[in-house]
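I'd like to go over a predicted model; first the sequence, then the structure.
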Amino acid sequence: MLRRLCVPRTLTPRCVRHCVLTDKPHIGVDIEEDHVENRNIVFLGPPGTGKTTVGKVLAKKLDKEHYDIDDHHYEQVLWKRLVSDVLTELGSDKFMLAEAQGMWKIDKDDAVISLTGSNPLNERAMRVLKGMGCCLVYLDPHLGKEIDERGAVNDRIVGIKPGMTLLDVLKWRTQFYEKAYHIRIPLGFEQRTPEEIAEETLAKINQSPWYKSTRGDGGRGDDLLYTIRQGLANDGGLFLPHHLPTIQQHVLERWATLDKYSEVARRVLESFCAFSPYLHGITPQEFSQMATHAYSKKRWSSPDVVPVTNLEGKQWLLDLTCGPTAAFKDLALQIFPKLFSRSILTETKQYTILTATSGDTGSATMAGFMGQQHIQVIILYPSKGVSPLQEAQMRYLDENNSNLHAIPVDGDFDFCQSTVKKIFNDTAFGEQLQTEHNAVLSSANSINWGRLVPQIVYYFWGYFRLFQQGAIDKIGDPINVCVPTGNFGNILAAYLAKKMGLPINKMVSASNVNNVLTDFIQTGVYDISQRNLTTTSSPSIDILRSSNVERLLYYLSGEDPAYVSACMNDLQTKHKFEITGAMKAALQEEFYSSWCTEEDCHKTIKEVLQATGKLLDPHTAVAKFVADKFTKEEDSATPLLIAATAHWGKFPEPVYQAVTGNKVGDFDAAIATLEEKSGEKLPQTLRASLGSRQNKVEVVEASVDTIKKVVEGLISDH
């Protein structure tokens with residue numbers, strides 16, 4: 001199959017000038033759709049990382065020529081003398097310019113090229129290599145204090161300044177390597193063979209950029225950006241990558257040294273980057289910029305972004321409540337809008353995010369897209385199925401931002417979510433929006449892969465923080481994870497992290513009285529035919545149709561889209577499905593499940609406050625109750641990470657009742673009491689929305705046709 005490439009494999013002088021001077025790709029070459037053949041693979045990195053040795057091994061594997069830029073290009077072809085002599089003669093600055101000019105004269109079409117450690121210091125020259133369609137591979141070593149033991153280096157190292165050590169030079173150079181690469185190969189603390197590194201490089205180069213539907217007929221989805229923009233596959237299925245990236249032990253050990261959440265986010269997210277220059281996919285450098293901005297300290301109430309603290313014994317809290325809306329959805333929805341904006345960068349259509357919420361997704365989505373006038377957000381929420389403060393948050397954002405709209409619906413969350421899916425699958429309505437309004441719909445629920453993948457990050461972060469705090473002895477030791485579960489997205493992120501290589505032993509699924517997931521995990525039968533949704537004090541998990549179970553089914557079935565389609569059809573028509581015995585065994589090998597009554601939830605809130613001084617919200621209390629049960633029944637020795645999914649301030653009425661035994665009379669007095677007992681002030685973002693609690697808004701009837709009219713009206717007015 002041929003695709004249209006936006007860069008040529010080799011460059012004429014005119015093409016070189018175009019790339020260097022405008023930093024834009026050259027247009028118009030057809031190439032075969034593969035990652036390795038007829039393409040230069042270029043190794044970069046500091047001295048001593050094995051660029052030449054690994055390059056030779058990889059070249060032999062691929063039957064390509066190996067081209068060492070020092071030995072072959074500079075010394076034999078261009079300068080006819082030792083590189084060190086040229087450096088001595090010219091000095092660092094002029095030498096770097098001479099190096100760059102020499103790189104523009106590389107005339108290779110299908111080779112493995114090993115750069116010098118200083119080549120990437122010239123950013124324009126590196127753009128030339130990218131413009132040639134080369135795959136740039138960064139061999140990334142750990143720069144530890146042991147390098148300093150080599151002492152000061154002489155002045156024959158490019159970029160050296162008086163008094164600098166080798167470690168100083170290498171750390172300074174890192175900024176240039178970070179800007180240049182397509183693929184990062186982290187080198188571990190233990191010595192690895194060139195053959196092992198070459199194999200890892202080849203696997204990463206061949207990583208598929210394509211995404212697929214859980215139901216198989218939705219088209220392959222193209223790259224990550226298309227998947228984010230599309231939201232839902234054409235056949236109604238959910239997108240998944242063709243192959244999840246594998247994070248090996250030595251990579252986990254390297255990542256465990258990172259002390260910023262944004263850096264861990266960058267590493268996890270860029271592992272989903274596949275080398276595919278003809279797709280113009282998202283780059284590692286873009287992920288870095290997005291993560292740095294999304295997880296900057298000014299946006300979060302904790303400098304850790306996600307604090308990990310001991311609750312009691314082997315139980316630890318993964319605190320996901322420190323974001324702009326004080327709920328775990330912020331971890332994904334502070335970066336998702338940046339991913340979405342990138343995905344529509346070249347689009348001329350008007351995009352509208354249509355999303356259903358059981359409480360927290362709504363305000364987090366609105367906060368994420370706040371100020372982005374080119375994207376409209378429409379949130380559907382059950383008018384009687386969210387907490388008063390959750391509704392106030394959405395109302396406050398709606399009232400103060402012209403592109404944000406929160407629509408209360410006279411139905412439950414399952415109706416809101418199924419309505420969103422029906423609207424997405426209504427081809428005629430979609431065509432009408434495009435024809436009459438130049439508008440396209442997409443989603444910010446966890447049905448959108450771009451919403452789900454950032455949630456994987458905090459499980460890696462939580463594991464590393466446990467290691468850094470001594471809760472686990474070494475990287476590779478297992479942990480368990482407990483998550484209050486409704487739509488199955490949060491716990492699915494833990495499952496995906498495990499599949500990628502994170503040492504999670506068991507995922508503990510915690511439900512409230514709407515315990516369809518508990519029954520499913522325990523029996524293998526997903527049955528909502530005789531169930532009615534019950535409103536509880538943990539509304540974000542008041543869900544019967546858990547969308548992300550579909551992705552779990554895909555993996556449990558051995559990636560069988562026909563089987564998944566049949567199950568989803570049974571759920572739609574019969575309101576139930578049953579998995580095979582083998583799938584049930586595999587499910588129970590991975591998951592433990594139980595549930596919590598309202599009485600036990602309130603009791604847990606009070607007991608934890610008395611025992612630890614920590615005030616939990618109802619969702620986290622559900623998780624704590626089930627975590628205690630799991631510890632007694634299954635595993636008390638392994639560290640257990642409990643996901644704290646919302647701040648207590650989002651649910652002051654049930655929390656106040658749990659703590660005092662009384663219903664809320666004076667709302668402000670109740671907040672003050674909880675602040676005093678917990679030692680925590682109500683987050684400012686929640687306090688700002690209190691004034692919107694009393695604002696009345698028209699409730700929309702639970703009718704798909706009515707909601708379609710509301711959606712079209714808002715799009716027309718935008």
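That came in fine, so what should we check first?

the helices in the stretch 401-550 of the chain, which residues?
413-424, 427-437, 449-468, 489-500, 516-523, 549-556 (DSSP state H, counting those that start in this stretch).

could you say what helices and strands the fourth one packs with?
Using 3 or more Cβ pairs under 8 Å, 6 or more residues apart in numbering; DSSP states H and E as the contact criterion, the neighbours of helix 489-500 among helices and strands are helix 449-468, strand 479-484, strand 504-511, helix 549-556. Yep, even glycine has a C-beta here, placed from its N, CA and C like the rest.

need the helices of the stretch 401-550 of the chain in TSV (columns: mean neighbour count, mean pLDDT and distance to G231).
Below are those laid out as TSV (neighbours: other Cβ atoms under 10 Å; pLDDT from 0 to 100; distance: least, Cβ to Cβ, whole Å):
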stretch	mean neighbour count	mean pLDDT	distance to G231
helix 413-424	21	92	7
helix 427-437	13	95	12
helix 449-468	24	97	8
helix 489-500	24	98	14
helix 516-523	20	98	24
helix 549-556	22	98	14
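
just for the stretch 151-300 of the chain, where's the confidence low?
Applying pLDDT under 70 to the stretch 151-300 of the chain picks out residues 151-156, 159-160, 218-221, 277-280.

so where do the strands sit in it?
183-186, 211-213, 239-241 (DSSP state E, counting those that start in this stretch).

so can I have a markdown table of these showing distance to S114 and mean neighbour count?
Formatted as a markdown table, those follow (distance: least, Cβ to Cβ, whole Å; neighbours: other Cβ atoms under 10 Å):
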| stretch | distance to S114 | mean neighbour count |
| --- | --- | --- |
| strand 183-186 | 14 | 20 |
| strand 211-213 | 33 | 24 |
| strand 239-241 | 30 | 23 |
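
out of the helices and strands packed on helix 489-500, which is closest to G131?
helix 449-468 (28.0 Å; Cβ to Cβ).

between that closest one and strand 504-511, how many degrees?
120 degrees (axes from the mean of the first three to the mean of the last three Cα atoms, to 10 degrees).

wouldn't Y211 be in contact with L225 here?
No: using Cβ atoms under 8 Å, Y211 is not in contact with L225; the gap is 10.1 Å.

and what about K681, helix, strand or coil?
Put simply, K681 is coil when judged by DSSP: H, G, I helix; E, B strand; the rest coil.

now the closest residue in space to it that isn't next to it in sequence: which helix or strand?
Once flanking residues are discounted, K681 sits nearest to E675: 5.6 Å by Cβ to Cβ, 6 or more residues apart in numbering. Element membership for E675, per DSSP states H and E: helix 667-678.

adding distance to I504, write the strands of the stretch 151-300 of the chain out as a markdown table.
Formatted as a markdown table, these follow (distance: least, Cβ to Cβ, whole Å):
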| stretch | distance to I504 |
| --- | --- |
| strand 183-186 | 21 |
| strand 211-213 | 24 |
| strand 239-241 | 19 |
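
out of the ones you listed, flag the one nearest R465.
strand 183-186 (19.2 Å).

adjacent strands (with direction) for that closest one?
strand 135-140 (parallel) (DSSP bridges).

mean confidence score for the strand it pairs with?
Strand 135-140 comes out with an average pLDDT of 96.

hey, C-alpha coordinates of that strand in CSV?
C-alpha atoms of strand 135-140 as CSV (Å, rounded to 0.1, in the frame of the first residue of the first chain):
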residue,chain,number,x,y,z
CYS,A,135,14.1,7.8,12.3
LEU,A,136,16.1,9.4,15.2
VAL,A,137,16.8,7.1,18.1
TYR,A,138,18.0,8.5,21.4
LEU,A,139,20.1,6.2,23.5
ASP,A,140,19.3,7.7,26.9
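
re earlier: turn the helices of the stretch 401-550 of the chain into TSV, columns for distance to V42.
As requested, the helices of the stretch 401-550 of the chain are exported to TSV (distance: least, Cβ to Cβ, whole Å):
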stretch	distance to V42
helix 413-424	42
helix 427-437	42
helix 449-468	28
helix 489-500	27
helix 516-523	48
helix 549-556	35
